[in-house]
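Engineer: Sequence plus the predicted model coming up.
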Amino acid sequence: MKKFTKFVALASAVVMAVACMTGCGSKASGKIVFGTNAEFPPFEFVSANGVIDTYDGIDICIAKQIGEDNGMTAEIANMEFDSLLVAIQNGQIDAAIAGMTVTDERAQSVDFSIPYYNATQVIIVKEGSDITCAADLAEKFTAVVQGYTGETCITELGYKYESFKKGTECIMELVNGKCDAVVIDSATASKYVSDNAGLVIVTDEEAFGSEQYAIAVKKGNTELLNKINATIEKMLEDGTIANLSDKYCTAE
Ligand code: GLN
C-alpha cells in the first residue's frame, strides 16, 4: 500500500470510529424501525430463516443494509398495509418499506426516498380465461388487496371488484372460482403464479402505467431520508438491488 493511501485509510478509520462513538450510541435508540406488511413476496414475507427476525425479501435486505450503513439496528414492525402511513405520522415507525408505490396522494402525507424498483399492475387469471386486457374486466369480477394501487387502478377504470386484506386471499378466491381475476403488482403476481398451478398473467401496459417503489418517512425527516437515499443509491449503483431482485424473483 502506498504511503498516502495508507494515511487515507487510517484517517478514515479514525473518523469512522469517532463518528461511531459519538453517533451510534447516543443517537436516539440506535435503531431504525421499518414498518412493512409481510404479505408481499418477493419484497416481504414471513420465513423461518428470515433476514431480520422472521422477515425476508428484497425490502428486508434493503432495510438491513440501511441499518448497517448507519451503525444502527434495523427492526421490522409488521402491520396492515393500510396502517403504514398513519404509523409513520404518529411516530410508531421511522419508515415504511413495503413495495410501496409513490403516488401523489401518499406524497401529501409522507416524504418518499428515491425510487428503487419499477413495477406495474398485472392481471392474474385462470388458464383458459377469455380475459386478455384490462377492458375485459368490465364485465367480470375482480379481486384486489385493500389499499394497494391495484385497487386504485380498478376503481379508476370504474369496474366491479371486491377487496381483501391479503394477496393470498385474492388468489384463493381466483383458484376457487369465486372471482375472475386478481389485479396486483407484477413481481408479486409472478410469485403467486409460480406457486399456484393453473394461473397465468395477463399484461396491459396501456391500461396500467409504470409504478415506482420507494421508502416513506415522516414529512420533513430529511436526516433519515438522506441516509436511506445514500444506501439505495449505492445498492442501485453496485447492482445489489438487481441481484436481490434476481435472487428473490426466481427463488422458490
Ligand atoms: N405497490 C402497491 C402499493 O403501493 C402494493 C404494495 C404492497 O402491497 N406492499 O399499493
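Structural biologist: Here it is on my side, so go on. Numbering: from 1, shown residues only.
Engineer: Which residues of the chain lie near the ligand?
Structural biologist: 37, 40, 81, 98, 99, 100, 101, 148, 149, 185 (C-beta under 6 Å from any ligand atom). Where you see a C-beta, it was placed from the backbone N, CA and C, and this is true even at glycine.
Engineer: Mind checking which of those residues are in strands?
Structural biologist: Among the residues of the chain next to the ligand, the members found in strands (DSSP state E) are 40, 185.
Engineer: Out of the residues of the chain next to the ligand, which comes closest to residue 160?
Structural biologist: Residue 160 has its nearest neighbour among the residues of the chain next to the ligand in residue 148, at 16.9 Å by C-beta to C-beta.
Engineer: Surely that closest one and residue 185 touch.
Structural biologist: Yes. Judged on C-beta atoms under 8 Å, residue 148 makes contact with residue 185 at a distance of 7.4 Å.
Engineer: And the helices in the stretch 1-150 of the chain?
Structural biologist: 3-23, 58-69, 84-89, 104-107, 149-157 (DSSP state H, counting those that start in this stretch).
Engineer: Off-centre distance for stretch 184-195?
Structural biologist: 14 Å (C-alpha atoms, centre = their mean, to the nearest Å).
Engineer: Please work out the average pLDDT along it.
Structural biologist: Per-residue pLDDT over stretch 184-195 has a mean of 96.
Engineer: Likewise for stretch 79-89?
Structural biologist: Mean predicted lDDT for stretch 79-89 stands at 96.
Engineer: for this structure, which strand is longest?
Structural biologist: Under DSSP E, the chain gives strand 117-126 as its longest strand.
Engineer: ok so, going back, just send the residues of the chain next to the ligand back as CSV, with distance to residue 122 and neighbour count too.
Structural biologist: Listed next are these as CSV, based on distance: C-beta to C-beta, whole Å; neighbours: other C-beta atoms under 10 Å:
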residue, distance to residue 122, neighbour count
37, 19, 24
40, 14, 25
81, 18, 22
98, 19, 23
99, 14, 26
100, 18, 28
101, 14, 22
148, 12, 26
149, 12, 24
185, 8, 25
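Engineer: now the residues of the chain next to the ligand in CSV, with distance to residue 70?
Structural biologist: Output for the residues of the chain next to the ligand, formatted as CSV (distance: C-beta to C-beta, whole Å):
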residue, distance to residue 70
37, 24
40, 25
81, 26
98, 20
99, 22
100, 21
101, 25
148, 30
149, 30
185, 28
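Engineer: Closest to residue 179 out of the residues of the chain next to the ligand?
Structural biologist: Distances from residue 179 to the residues of the chain next to the ligand, taken by C-beta to C-beta, are shortest for residue 148, at 15.2 Å.
Engineer: Residue ranges in the stretch 1-150 of the chain under the pLDDT threshold?
Structural biologist: 1-29 (pLDDT under 70).
Engineer: To clarify, my last question referred to the stretch 151-252 of the chain.
Structural biologist: 251-252.
Engineer: and the residue in it that the ligand sits nearest to, how far is that from residue 231?
Structural biologist: As assessed by C-beta to the nearest ligand atom, the ligand sits closest to residue 185 within the stretch 151-252 of the chain, at 4.8 Å. Counting by C-beta to C-beta, to the nearest Å, the separation of residue 185 from residue 231 is 22 Å.
Engineer: got it, and residue 122?
Structural biologist: Taken as C-beta to C-beta, the span from residue 122 to residue 231 is 29 Å.
Engineer: got the residue ranges for the helices in the stretch 151-252 of the chain?
Structural biologist: Going by DSSP H, counting those that start in this stretch, the stretch 151-252 of the chain shows helices at 167-175, 186-195, 222-237, 240-250.
Engineer: quick check: angle from the last one to helix 186-195?
Structural biologist: The one in question is helix 240-250. Taking axes from the mean of the first three to the mean of the last three C-alpha atoms, to 10 degrees, one finds helix 240-250 and helix 186-195 inclined to each other by 30 degrees.
Engineer: helices and strands around helix 240-250, which ones?
Structural biologist: Using 3 or more C-beta pairs under 8 Å, 6 or more residues apart in numbering; DSSP states H and E, the elements in contact with helix 240-250 are helix 58-69, helix 186-195, helix 222-237.
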